[in-house]
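> show me the folded form of this:
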Amino acid sequence: MLTNLSRNLWRAHRGSNVKGRVARYGTWFDRNKSGDYDHTETVNDYYDLCSEFMQFGWTESLHFAPLKPGESLEDSIIRHQRLMIDRLELREGMTIVDIGCGVGGPMRRVARESGAKVFCLNNNAQQLDNARRKNVEAGLDHMAEYMKCNFMDMSAIDACTFDAGYAIESTCHAPDKRQAFAEIYRVLKPGALFWGQEMCMTDNFDPHDSRHEAIKKDLMLGIALRDIATFAEVNRALEAVGFEVVEAADRDVQDGPSTPWYQPMQGRRGTLRSAFRRTPLGRKAMIGALRLAEAFRYFPKGSTAVVQLMDRTADAYVAGGKSGVFTPLYCFLARKPA
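Residues are numbered from 1 along each chain as shown. Reported below is the predicted structural model:
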């Protein structure tokens, strides 16, 4: 496992000053205030630096999912993706667009279980190459097409191209959510369904509460989010560009027993069999091991700084979840009118 991670990191960061990029990334919030700033560059830095560690500590599906007591993170993600496939009514013969495909984890589930072909769109070259390589290894490359493209401007794609689409924790990075949704609306066929999963501030968030604002700022810094929308702001942006919102809810709020979405990063006993590497103790152990591994050039210089960044972000996730002011599970189903 660590050998694979080491190899993947050397490939991903070849010729890159990782420590310098982490330091620069940490200043993006202040640079944004100054006006001389490119948010797309910051989001790319975030995924360039963190993607390999995300896959190591999480899964190849780089997103959250509603959890049930006793259920593994991996099983909960599969269940959540199957819900999306069902809601989108995906089937063989359809061509759908994955907006911000990551390394293709959800795409491979969609292709295997629905038979639909997936157009994988991503503005991060490293992730897109990773998705293509994993699809080849899984024997699913024939089910995918690929395009390096910013979802804020998909003018290279004809209007009314896709039978359905989904965006899982990707449009939360949009500097203008309405513009992002307008582009998605344009490339979908009339009558097509669109599933989205957004990171949002909940209705419990109080912008006048200094603690709530501090949590929001930590999350924005750690995940490269220029802002974090509320539920109502997401719905308004969808409706403003023409979508009909069929359903929308925080999927972490369930009937019956459930486990908080942030539990895998908290690591308390008795609720979920989290992998050790996701827990606070596991992350601290990883930081210590990486310091030694860097000294022997087993891992690229700067790897420790990346995990320290991710450790702080995990703490911000847990703070947002425990306080009830943040969720990464605001899921909606919208339709482009026929």
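
> tell me which stretches of the stretch 1-150 of the chain form strands.
For the stretch 1-150 of the chain, the strands identified by DSSP state E, counting those that start in this stretch occupy 95-99, 117-122, 144-148, in order along the chain.

> out of those, the one nearest residue 183 is which?
strand 95-99 (8.9 Å; C-beta to C-beta). All C-beta atoms are positioned from the backbone trio N, CA, C, and that covers glycine.

> count of neighbours near residue 291?
Taking other C-beta atoms under 10 Å as the neighbour definition, residue 291 ends up with a count of 13.

> element containing the nearest residue to residue 154 once chain neighbours are set aside, please.
Among residues not flanking residue 154 along the chain, residue 183 sits closest, at 4.8 Å (C-beta to C-beta, 6 or more residues apart in numbering). Secondary-structure assignment from DSSP states H and E places residue 183 in helix 177-187.

> which of the residues in that helix are buried?
Judged by neighbour count (16 or more other C-beta atoms under 10 Å), helix 177-187 contains these buried residues: 177, 180-187.

> which one of the residues you listed sits closest to residue 10?
Comparing every one of the buried residues of helix 177-187 with residue 10 (C-beta to C-beta), the shortest separation belongs to residue 180, at 33.9 Å.

> my guess is residue 57 contacts residue 278, does it?
Yes. Using C-beta atoms under 8 Å as the test, residue 57 is close enough to residue 278 to be in contact (5.4 Å).

> more neighbours: which of these two?
Neighbour comparison, residue 57 and residue 278: the larger count goes to residue 57, with 22 against 19 (by other C-beta under 10 Å).

> quick one, what contacts that one?
Contacts for residue 57 were tallied using C-beta atoms under 8 Å, 6 or more residues apart in numbering; they are 275, 277-278, 283, 310.

> let's have these in JSON lines, adding distance to residue 31.
Formatted as JSON lines, the entries for the contacts of residue 57 read as follows, by distance: C-beta to C-beta, whole Å:
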{"residue": "275", "distance to residue 31": "35"}
{"residue": "277", "distance to residue 31": "32"}
{"residue": "278", "distance to residue 31": "30"}
{"residue": "283", "distance to residue 31": "27"}
{"residue": "310", "distance to residue 31": "21"}
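
> so which of those is the most crowded?
With neighbours taken as other C-beta under 10 Å, the top of these is residue 283, carrying 22 neighbours.

> doesn't it fall inside a helix?
Yes. Remark: residue 283 belongs to a helix, assigned using DSSP: H, G, I helix; E, B strand; the rest coil.

> host element of the residue lying closest to it once chain neighbours are set aside?
Excluding the flanking residues, the one nearest residue 283 by C-beta to C-beta, 6+ apart is residue 311, at 4.6 Å. Secondary-structure element containing residue 311, defined by DSSP H and E: helix 303-323.

> list the buried residues in that helix.
Of the residues in helix 303-323, those scored as buried under the neighbour-count criterion (16+ other C-beta under 10 Å) are 303-311, 313-321.

> so for residue 75, what's the pLDDT?
According to the per-residue confidence, residue 75 scores 94 in pLDDT.

> now the contacts of residue 57 in JSON lines, with pLDDT?
Formatted as JSON lines, the contacts of residue 57 follow (pLDDT from 0 to 100):
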{"residue": "275", "pLDDT": "63"}
{"residue": "277", "pLDDT": "73"}
{"residue": "278", "pLDDT": "80"}
{"residue": "283", "pLDDT": "87"}
{"residue": "310", "pLDDT": "94"}
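
> ok, residue 24 - how many residues close by?
Residues contacting residue 24 under the criterion other C-beta under 10 Å number 14.

> any idea how far stretch 245-264 is from the chain center?
Taking the mean C-alpha point of stretch 245-264 and that of its whole chain, the gap between them comes to 17 Å (C-alpha atoms, centre = their mean, to the nearest Å).

> for stretch 19-32, same thing?
The chain centroid and the centroid of stretch 19-32 are separated by 20 Å, computed with C-alpha atoms, centre = their mean.

> one more: stretch 148-164?
Averaged C-alpha coordinates place stretch 148-164 at 19 Å from its chain's average position (C-alpha atoms, centre = their mean).

> ends of that stretch, what's the gap?
As for stretch 148-164, its first-to-last residue distance stands at 19 Å under the measure C-alpha to C-alpha, to the nearest Å.

> list the buried residues for that stretch?
Neighbour-count burial for stretch 148-164, with 16+ other C-beta under 10 Å as criterion, is recorded at 149-152, 154, 157, 161-164.

> for these, give me a markdown table that also has pLDDT, secondary structure and distance to residue 258.
Supplementary listing: the buried residues of stretch 148-164 in a markdown table, determined by pLDDT from 0 to 100; DSSP: H, G, I helix; E, B strand; the rest coil; distance: C-beta to C-beta, whole Å:
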| residue | pLDDT | secondary structure | distance to residue 258 |
| --- | --- | --- | --- |
| 149 | 96 | coil | 36 |
| 150 | 96 | coil | 36 |
| 151 | 97 | coil | 31 |
| 152 | 96 | coil | 35 |
| 154 | 97 | coil | 36 |
| 157 | 98 | coil | 38 |
| 161 | 98 | coil | 38 |
| 162 | 98 | strand | 33 |
| 163 | 98 | strand | 33 |
| 164 | 98 | strand | 28 |
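
> tell me the one of those nearest residue 122?
Using C-beta to C-beta, the shortest approach to residue 122 within these belongs to residue 149, at 7.6 Å.
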